[in-house]
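[1] model the following, please.
(4 chains)
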There are 2 protein chains.
Amino acid sequence: MLKQETLSKNQQIVLDYIEKVNEPIKAYSILHNVQKKGIKAPLQVYRALDKLVEIGKIHKIESRNAFVACKNSNCQISKATAFSICEGCEEVSEISDSKLSKYLKNFQDKAGMKFNKYNLEFFGLCKKCSIK
Amino acid sequence: MLKQETLSKNQQIVLDYIEKVNEPIKAYSILHNVQKKGIKAPLQVYRALDKLVEIGKIHKIESRNAFVACKNSNCQISKATAFSICEGCEEVSEISDSKLSKYLKNFQDKAGMKFNKYNLEFFGLCKKCSIK
DNA sequence: TACACAATGTTATATTATAACAATTAACAC
DNA sequence: GTGTTAATTGTTATAATATAACATTGTGTA
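    Coordinates of the predicted model:
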């Protein structure tokens, strides 16, 4: 079978919601908010999330167990992700910096292990929160 | 009170075990293995883990919900962590690369947000697993 | 001693995620 | 269209990870 071109029903419902809220959101929060669309069980959400992460439409913020839509329209497969996270207001932004991504993509560890994926999370205080 | 110099009883028990196994280990696995030492409840483990992470004795591998002892003896506070993770055998190594850490410590995002901490996880296949 | 704070012990519960299995749907070869 | 295969769905139950709340005990120091 050819690679899937279109999203399935549940995948589309979950993606639509994540894109609408436009900030990291947790799986069970997604579940509560898409029940009116007919999604009833956690697994239906988690299965859609797995696929959406796999094809790069969304990313998982590992330190927060939350999911966010990918902003880089060209990021078809989520192999290289970087985020800034404000520890005050929990605002998360995807970092899109070609020098950084180039540097990390080419990084070689001392054992010569070849990497095909990375995830980087920066923590700090955003401008608003650093004034408070 | 002055800053704590020594670990408390539970903190020491948990740290001893994590250092002994010498690979990432999950909280409930720690619990099972230290019950003979008198630790009975998840919270006792999680409280010790929180403190040990805070003072940099251990790190959390976010993508695996696992904890590992810090190998950098000078890493008093865990503000800057990088790991390589083999997706085949799940072997995890802490990366200690001064160029990488310098680069990331000084990274400034476009919004000018100042970071005080980061965590980087690389994924790939280790030598053994890439042969298979 | 008395104070403040860190750490402990304990029960219960919240949150995040997957197992197992049956049924249905979609893409493709023929 | 028919048969085949894989993807997706639906459903119930349960596993795995983590925290809330509150009472108690220990430790350093004024």
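
[2] quick check: residue A:53 touching residue A:59?
    Yes: Residue A:53 is in contact with residue A:59 according to Cβ atoms under 8 Å; the separation is 6.8 Å. To be clear about C-beta, it is placed using only N, CA and C from the backbone, and glycine gets the same treatment.

[3] do stretch A:17-31 and DNA strand C meet?
    Yes: for stretch A:17-31, a contact with DNA strand C is found by Cβ under 7 Å from any atom of the strand, at A:26, A:27, A:28, A:29.

[4] just the buried residues of stretch A:101-112, please?
    Across stretch A:101-112, burial judged by 16 or more other Cβ atoms under 10 Å in any protein chain shown covers A:101, A:104, A:107, A:109.

[5] continuing past the helix or strand where the second one lies, what's the next helix or strand?
    Yep, that's residue A:104 we're talking about. Per DSSP states H and E, residue A:104 falls inside helix A:98-105. As assigned by DSSP H and E, the chain's next helix or strand after helix A:98-105 is strand A:114-125.

[6] name every strand pairing with that next one and say which way it goes.
    strand A:80-86 (parallel), strand B:114-125 (antiparallel) (DSSP bridges).

[7] what's the angle from it to helix A:98-105?
    Orientation check (axes from the mean of the first three to the mean of the last three Cα atoms, to 10 degrees): strand A:114-125 against helix A:98-105 gives 130 degrees.

[8] which helices and strands sit right next to the helix or strand just after strand A:114-125?
    Going down the chain from strand A:114-125, the next helix or strand is helix A:127-131, by DSSP H and E. Using 3 or more Cβ pairs under 8 Å, 6 or more residues apart in numbering or on different chains; DSSP states H and E as the contact test, no helix or strand touches helix A:127-131.

[9] these two touch, right, residue A:125 and residue B:114?
    Yes: here residue A:125 reaches residue B:114: they are 7.2 Å apart, a contact under Cβ under 8 Å.

[10] for the helix or strand bottoming out on mean pLDDT in chain A, buried residues please.
    Within chain A, no helix or strand scores below helix A:127-131, which has a mean of 86 by mean pLDDT, DSSP states H and E. Residues of helix A:127-131 include none that count as buried (16+ other Cβ under 10 Å).

[11] pLDDT weak spots in chain A?
    A:1-5, A:73-77, A:132 (pLDDT under 70).

[12] circling back: overlap in contacts of residue A:53 and residue A:59?
    A:67, A:78 (Cβ atoms under 8 Å, 6 or more residues apart in numbering or on different chains).

[13] so which of these two has more stuff around it?
    Taking other Cβ atoms under 10 Å in any protein chain shown, residue A:53 and residue A:59 do not tie; residue A:59 has more neighbours (24 against 16).

[14] residues contacting the one helix or strand that one maps to, please?
    Residue A:59 belongs to strand A:58-61 when elements are defined using DSSP H and E. With contacts defined as Cβ under 8 Å, 6+ apart, strand A:58-61 is touched by A:15, A:18, A:24, A:49, A:52-53, A:66-70, A:78, A:81, A:83, A:85, A:92, A:94, A:121.

[15] which one of residue A:125 and residue B:114 has more residues nearby?
    Between residue A:125 and residue B:114, counted using other Cβ under 10 Å, residue A:125 has the larger neighbour count: 17 against 12.

[16] near chain B, which residues of chain A show up?
    A:62-63, A:84, A:86, A:93, A:95, A:97, A:100, A:103-104, A:107, A:109-127, A:130 (Cβ under 8 Å from any Cβ of the partner chain).

[17] name the residues of chain A found near DNA strand C, please.
    A:1-2, A:6, A:26-29, A:41-43, A:46, A:50, A:65.

[18] and which of these is nearest to chain B?
    Proximity of these to chain B (Cβ to the nearest Cβ) peaks at residue A:65, which lies at 9.1 Å.
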